[in-house]
Each structure stands twice: as C-alpha cells, then as structure tokens.
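1. Dropping the sequence and predicted coords here.
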Amino acid sequence: MPIFMDRHDIPGATAEQVAQAHQLDLKIQNQYNCKGLTYWFDEESCIAFCLIQAPNKDSVLNMHNDSHGLIPTQIIEVDNGLVNAFLGRITDPKSENSSLMIDKLINESGFRTILNLEVKQPVLPRLTENGVIKNLINVQNFIIHNNFEIYADYEIKDIEDGFMASFKSISKAMKCAIEIQKALLEYNSDTPTEKIFVSIGISTGGPVTEKNEIFGETIQLSKRLCQVAGIGEILVSSNSGNTYKEKNIDHLTEGITIKYLKPDDQKFLGNLFDITEKKWDEIDFNISDLSGMIGISKSQLNRKTTSLTGCSPNEFIKEYKLRKALKLLENYRGNISEIAYETGFSNPAYFSKCFQKRFGILPSKLL
C-alpha cells in the first residue's frame, strides 16, 4: 500500500493539540483502510507533517476530516526509505523504557537543512586507473564522509552527481561545511600539485511543498547553489543564512568563503535555472529569449548573472549544456555528433572544443 506524507499549517497549535489529533486519527484509521505511522511538528512555525499508509490521497483526507477536521494543505506520495534517510524514522518513536510506541506528544520539527557538495574539478570515472587520481578520490571521500559522520544527522546515499546530507539544524550543517573546506585547505597547502576543491550549497525547508517529492524544493535549491558556488565556497540560501548569522559563529570561518543569498537574488537564480532547464537543448535559444522570459534587459541579465554565478549568461547556459553532455557520455548514450545536437550545440567540432576546455579531455576519449 502506498505511503503518503501531508502538511498541516495550524496557526496557534501546540504539541499537545497535535498529539491529540494524531491519536484521533489512530482511533478511526481502520475505517478508511489507513495506518497513521508517525508525524513531525514544529511548534515555532505551527506546521505538522503526517506520514500515513493509505490506499490513496482521498482516504487520507477523509480520515483527517472525520477524526479532527484538520485538512492538509498538500499531500504527496513518498518512499519510506527516503523518509527514513532524511527524517530518521518512519514510525512513532518508542519510549525509552518500553517497546510500546509513545502515545503522548512529539515535538520534533520536520524541517531539515540539506547540504549538497560537488567536486569542482571532477575526476572522470574512466580516468581512475592512474594511482594518483585514485588517491585523490580516496582523500576527498575520506574528508567528506568523515565530517558527515561527525556532524550530519543523516547522509543520503547513492547521489549521482555529488554528496548530500541532512541536518536537524543549520548550525550543524554550517559547521560541517566549514570543517570540510578547512580540511581541504590544509590538504591543498601540503599538496602543491594535486589539489582538491569543492563547492557547497546549503538550504533549509520542509518535506512537503508544492513539488511532488520529499524535500523536493530544498534539495533542488541546495543543488543549484552548489552548482553556482565558486571553488572552495559555501553558498547559503536566504532563510538558512538569516538563521545561521543569528547564531554569531562566524569566527569559525577564517580562510573560508561563505556567501549568503538575499531573497531577491535567490528568486532570480530560481528563474534563471527554471528557464534554462526548459530551454537548454534548443539550438536557437539565446540571451534575448532568456532576458525576455525573466523580464529584465540583457544588460541587467548580464550584471545579475555574472555577480551571482561568476559567469555571463552565455557561459551559464553553455555550462549547463556541457554538464548534460557529460552525463550522456558517462552513460554511453550516443556518438559525439548525436550528443552535440541533443545538448543544443549546432556544431560537433565546436562542442568538442568547449568540452575539452571545460573538462580537460576530448569527449571522444570517453566513448
């Protein structure tokens, strides 16, 4: 049977009231062929997230309506493995001295801070026969995973294009990011030839939003921030940055570059990525199209994109295309000409030149 997670915005609610509502669900759940697994409640924002096994969304709605009348604002179907990976449990927590599930209250926020990390100069998988490169991979993985083990509440496994971890607090996520960058700074200073650089994106949010996947918007934003962060940088979303700066622990950041997005800049980046993701494979897509769709002049687009991403709009689009091409090559999907045209390049020779400049190798060497 599917598992659903819903979101309840309940102004003025207390942990006790939400616990009572959960118990009311459990009393009538069998009437709707449902099983209330657990919930999370953030008393500061008065937002609850319920995890329920049910035949469909309507069953969840009807059960809530009949038990306490608190109708969720959003319901998504989720994978219990991902719920456990990000939130740490899929059932009500047990009491310390009993095998019985607790029947009183849960006051644990479902909000998480997501950290995404990307090696800025990626080592391509098919070039790992060289012993030096293997050693670099081992070093970077040790530094990253060791700090995840110390600071992260949950490390998300099997991430295709980088590393990801979930944290219960922004302070722990920032501490982890800083310690990773500090360790790499130290390693790079002792190793003048083979250096390792990473970029880190950090964002905070809840598991259920308008996207139909768990922590969809938060993961997407942290990945986008990771992509545009400079070498050795930590780029932090606007809501995460405001919370972290209030903790006043910037004394830990000596030698580390941390940038905090303003809300307007974050909105611009969101629009930039949204449009690029829709249009990137169109050969005739150009800067005039992009500026028109965002609603600003080409000069404004250039200034804004350059200040936030470190590259011009043309370079931003080209980087997006080349990343897509790299994935296709890694998965053996098509010859060079096919991949060039599929990723929006009108000339295979120009594509090969751009690819070599970006990744240090001709695309034909990867087939």
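-> It's in.
2. give the contact list for residue 163.
-> Contacts for residue 163 (CB atoms under 8 Å, 6 or more residues apart in numbering) come out as 116-118, 144-145, 148, 155. (C-beta placed from N, C-alpha, C; glycine too.)
3. I'd like to know which of the residues you listed are buried.
-> 116-118, 144, 148, 155 (16 or more other CB atoms under 10 Å).
4. what about the helix or strand containing residue 304, average pLDDT?
-> Per DSSP states H and E: residue 304 is located in helix 298-309. Here helix 298-309 scores 94 as its mean pLDDT.
5. what's in contact with it?
-> Outside helix 298-309, the residues that reach it (CB under 8 Å, 6+ apart) are 228, 265, 268-269, 272, 287-288, 290-291, 294, 296, 311-313, 316.
6. follow-up on the earlier one: could you export the contacts of residue 163 to CSV, including columns for distance to residue 240 and pLDDT?
-> Shown next, in CSV, are these (distance: CB to CB, whole Å; pLDDT from 0 to 100):
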residue, distance to residue 240, pLDDT
116, 12, 96
117, 15, 95
118, 18, 91
144, 20, 93
145, 22, 93
148, 18, 95
155, 19, 89
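7. and the residues you listed, which of them are in helices?
-> In helices, judged by DSSP state H, the following of the contacts of residue 163 are found: 144-145, 148.
8. Going by residue numbers, what spans are strands in the stretch 251-367 of the chain?
-> If DSSP state E, counting those that start in this stretch is used as the criterion, the strands of the stretch 251-367 of the chain fall at 257-260.
9. where's the closest residue to residue 49 other than its chain neighbours relative to residue 50, distance?
-> Excluding the flanking residues, the one nearest residue 49 by CB to CB, 6 or more residues apart in numbering is residue 110, at 4.1 Å. Plainly put, residue 110 is 10 Å away from residue 50 if you go by CB to CB, to the nearest Å.
10. nearest residue to residue 38 other than its sequence neighbours?
-> residue 92 (4.6 Å).
11. May I have the secondary structure class of the one you found?
-> Following DSSP: H, G, I helix; E, B strand; the rest coil, we place residue 92 in the coil state.
12. Count the residues that sit near it.
-> Neighbours of residue 92 under the rule other CB atoms under 10 Å: 18.
13. How much space separates it from residue 154?
-> 18 Å.
14. Would you state the helices of this protein in chain order?
-> According to DSSP H, the helices that the chain contains are 15-28, 57-67, 80-87, 131-151, 170-190, 216-228, 238-246, 263-279, 287-294, 298-309, 313-330, 336-342, 348-359.
15. most packed of the ones you listed?
-> Per residue and on average, the most neighbours among the helices of the chain fall to helix 216-228, with a mean of 23 (mean count of other CB atoms under 10 Å).
16. Just the mean pLDDT for that one, thanks.
-> 95.
17. Now residue 108. Nearest residue, chain neighbours left out?
-> With CB to CB, 6+ apart, the residue lying closest to residue 108 is residue 40, at 5.5 Å.
18. Isn't that neighbour up against residue 49?
-> Yes: under the contact definition of CB atoms under 8 Å, residue 40 touches residue 49, with a separation of 4.7 Å.
19. Common neighbours of these two, please.
-> With CB under 8 Å, 6+ apart as the test, residue 40 and residue 49 both reach 110, 207.
20. most centrally placed residue in this structure?
-> By CA atoms, centre = their mean, the mean C-alpha position of the chain lies nearest to residue 219, the distance being 2.1 Å.
21. Which pLDDT value belongs to the residue nearest to that residue when sequence neighbours are not counted?
-> The shortest distance from residue 219 to any non-neighbouring residue, by CB to CB, 6+ apart, is to residue 114 (5.6 Å). On the pLDDT scale, residue 114 is placed at 96.
22. can you start the count at 467 instead of 1 from here on
-> In the new numbering, first residue 467, that becomes residue 580.
23. beta partners of residue 580?
-> Beta-bridge pairing of residue 580, defined through DSSP bridges, involves residue 632, residue 669.
24. got any ranges where the stretch 567-716 of the chain has weak pLDDT?
-> By pLDDT under 70, the low-scoring segments of the stretch 567-716 of the chain are 567-570, 587-600, 624-626, 708-716.
25. No further questions, thank you.
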